[in-house]
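Peer 1: turn this into a structure:
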Amino acid sequence: MKITKVESFIIRTPIRRDIGDSTHMFTHWSTPGCWITTDEGLIGTGYTGLEGNGEELIKQVIDQYYAPKLLGRDPFEVKRIWEELQWGRLHWIGRAGVTQMALSAVDIALWDIMAQAAGVPLWKLLGGDKPQAIKTYNTDGGWLNWTLDELVTDTRRFVEQGWPGVKIKIGSADPWDDYRRVKAVREAIGDDILLMVDANMVWDVNTACLWGKRLEEFHIHWLEEPLHPDDIAGHARLARELVTPIALGENLYHRYSFRDYITTGAVEVVQADVTRVGGITEWVRIANLAACFNVPVVPHVGDMMQIQQHLVAATPNAPMLEYIPWILDLFEDPVVVERGHIKVPDRPGASTRMRSDSVERWRVS
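Peer 2: Numbers count the residues shown, from 1 in each chain. Model (predicted):
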């Protein structure tokens, strides 16, 4: 089997309403990526995800630097291809961010091809661990720009619909507002539901220590991204001082970064995102690394769950998955959730095949 064509794309899908956290406001979710065609008629689809800034740079990397290296290659040589692209012409100017997200899209498309060729869903190709269902927690109602009443209403509704956990955003200008919001949600959902909070990197160490301790009374399942993602020492201090586990990973791009966080005790829940770390090839390495230290992996869903449902289904130390339903209408086989659990896919491939009408509607020319 040989690769005969690589076509890049940018698709920008509108969100039901404006979304806000402590650092960003956005109205769309962008999925730049590529379709990779083989001489046997198989087409692999891979993409990354972001809130809509810089998507054209990812497309340019695919078109100008990665696509020429893919033509004529056997997609089953995915690890060799990964290394060549990782150490290619862009290595000197970018080993993370744009270049790594573009590599993620390419790598995902290659794994999609391999799973299709094998006639199995990706999770089986990777070695199945959860053949029935995947536990999820819902993030889609916890946004910082929601009023307190909206926040309480949405999180209570998710619990009534069967979700075993919810996550809300914190990082308000006044931390007392965060305290009041967390308190109100805990009272609304009860003590048996998992409650996670996400500061989106806005705190410094002193603020995180102070308010992390104050929030402990609400039995927080994890505190997510309290500090700058390069501050390993700060996260290690928090992990030592707080009862609440520290979760992070959506802004890390390599297994080496995760290695340093894990070995220094600075992270207790790894949130590696397949659309940012270089794709499935690197994500599996990170998950295996975390397993060596008995650290759970709960991915950040820049892919909006389509790919990472397969990864969680194939990974013993991945207990659950984040649920955000923004771009379900983009896919032929969108994630199916029942009572807070994703039904494991059975169609061959990585569940990335897109609906032609949705592509036509939302593709950026």
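Peer 1: pLDDT weak spots in the stretch 51-200 of the chain?
Peer 2: Counting by pLDDT under 70, not a single residue of the stretch 51-200 of the chain qualifies.
Peer 1: now the strands for it?
Peer 2: Counting by DSSP state E, counting those that start in this stretch, the segments of the stretch 51-200 of the chain that form strands are 133-138, 165-169, 194-198.
Peer 1: after the last one, next one along is what?
Peer 2: For strand 194-198, the following helix or strand on the C-terminal side (DSSP states H and E) is helix 205-215.
Peer 1: mind listing what's buried in that next one?
Peer 2: 205, 208-209, 211-212, 215 (16 or more other CB atoms under 10 Å). C-beta here means a position set from N, CA and C on the backbone, and glycine is covered the same way.
Peer 1: pull the residues that contact that helix.
Peer 2: 175, 178-179, 182, 197, 199, 203, 223, 226-227, 231, 234, 237-238, 241-242, 244 (CB atoms under 8 Å, 6 or more residues apart in numbering).
Peer 1: next, the angle from the longest strand along the chain to strand 165-169.
Peer 2: Longest strand in the chain, counting residues (DSSP state E): strand 3-20. Here the directions of strand 3-20 and strand 165-169 differ by 70 degrees (axes from the mean of the first three to the mean of the last three CA atoms, to 10 degrees).
Peer 1: give me the neighbour count for Arg181.
Peer 2: Counted by other CB atoms under 10 Å, the residues lying close to Arg181 total 23.
Peer 1: isn't it right up against Leu151?
Peer 2: Yes. Arg181 lies in contact with Leu151 (CB atoms under 8 Å); the separation is 6.0 Å.
Peer 1: who touches both of those two?
Peer 2: Ile168.
Peer 1: list only buried entries from the contacts of helix 205-215.
Peer 2: Counted by 16+ other CB under 10 Å, the contacts of helix 205-215 give 175, 178-179, 182, 197, 199, 203, 223, 226-227, 231, 234, 237-238, 242, 244 as buried.
Peer 1: for Gly190, state which of those is nearest.
Peer 2: Nearest to Gly190 among the buried ones among the contacts of helix 205-215: Val182, at 14.0 Å, using CB to CB.
Peer 1: and that closest one, what does it touch?
Peer 2: Val182 makes contact with 168, 170, 195, 197, 215, 218, 220, according to CB under 8 Å, 6+ apart.
Peer 1: contacting residues around stretch 230-241?
Peer 2: Applying CB under 8 Å, 6+ apart, the contact partners of stretch 230-241 are 204-205, 208-209, 212-213, 223, 226-228, 245-246, 248, 260-261, 264-268.
Peer 1: follow-up on the earlier one: possible to save the strands of the stretch 51-200 of the chain as TSV with distance to Phe76?
Peer 2: Shown next, in TSV, are these (distance: least, CB to CB, whole Å):
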stretch	distance to Phe76
strand 133-138	27
strand 165-169	38
strand 194-198	38
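Peer 1: and of those strands, who's closest to Leu144?
Peer 2: strand 165-169 (4.0 Å).
Peer 1: now that closest one, how far from the centre of its chain.
Peer 2: Strand 165-169 sits 15 Å away from the centroid of its parent chain (CA atoms, centre = their mean, to the nearest Å).
Peer 1: and for stretch 289-303?
Peer 2: The answer for stretch 289-303 is 11 Å, by CA atoms, centre = their mean.
Peer 1: any chance you could give me that stretch in CSV, C-alpha atoms only?
Peer 2: Output in CSV follows, covering the C-alpha atoms of stretch 289-303 (Å, rounded to 0.1, in the frame of the first residue of the first chain):
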residue,chain,number,x,y,z
LEU,A,289,5.0,5.9,30.6
ALA,A,290,2.2,7.0,32.9
ALA,A,291,1.3,3.4,33.5
CYS,A,292,4.8,2.6,34.7
PHE,A,293,4.2,5.1,37.6
ASN,A,294,0.5,4.1,38.2
VAL,A,295,-0.7,7.5,37.0
PRO,A,296,-4.1,7.6,35.3
VAL,A,297,-4.5,9.2,31.9
VAL,A,298,-7.7,11.2,31.2
PRO,A,299,-7.3,12.9,27.9
HIS,A,300,-8.1,16.5,27.1
VAL,A,301,-10.4,16.3,24.0
GLY,A,302,-9.1,18.7,21.4
ASP,A,303,-10.5,16.0,19.0
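Peer 1: would you put the C-alpha positions of stretch 213-226 in PDB?
Peer 2: Once non-C-alpha atoms are left out, stretch 213-226 reads as follows in PDB (Å, rounded to 0.1, in the frame of the first residue of the first chain):
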ATOM      1  CA  LYS A 213      -6.700  24.400  50.000                       C
ATOM      2  CA  ARG A 214      -9.900  26.400  50.500                       C
ATOM      3  CA  LEU A 215     -11.600  24.400  47.800                       C
ATOM      4  CA  GLU A 216     -10.600  21.100  49.400                       C
ATOM      5  CA  GLU A 217     -13.800  21.100  51.600                       C
ATOM      6  CA  PHE A 218     -15.800  20.400  48.400                       C
ATOM      7  CA  HIS A 219     -14.000  17.100  47.700                       C
ATOM      8  CA  ILE A 220     -12.600  18.200  44.400                       C
ATOM      9  CA  HIS A 221     -11.600  15.200  42.200                       C
ATOM     10  CA  TRP A 222      -8.800  17.200  40.600                       C
ATOM     11  CA  LEU A 223      -7.500  20.700  40.100                       C
ATOM     12  CA  GLU A 224      -6.700  21.200  36.500                       C
ATOM     13  CA  GLU A 225      -4.000  23.500  35.000                       C
ATOM     14  CA  PRO A 226      -3.500  25.800  38.000                       C
END
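Peer 1: which residues does Leu50 form beta bridges with?
Peer 2: Ser30 (DSSP bridges).
Peer 1: tell me the pLDDT of it.
Peer 2: You'll see Leu50 listed with a pLDDT of 94.
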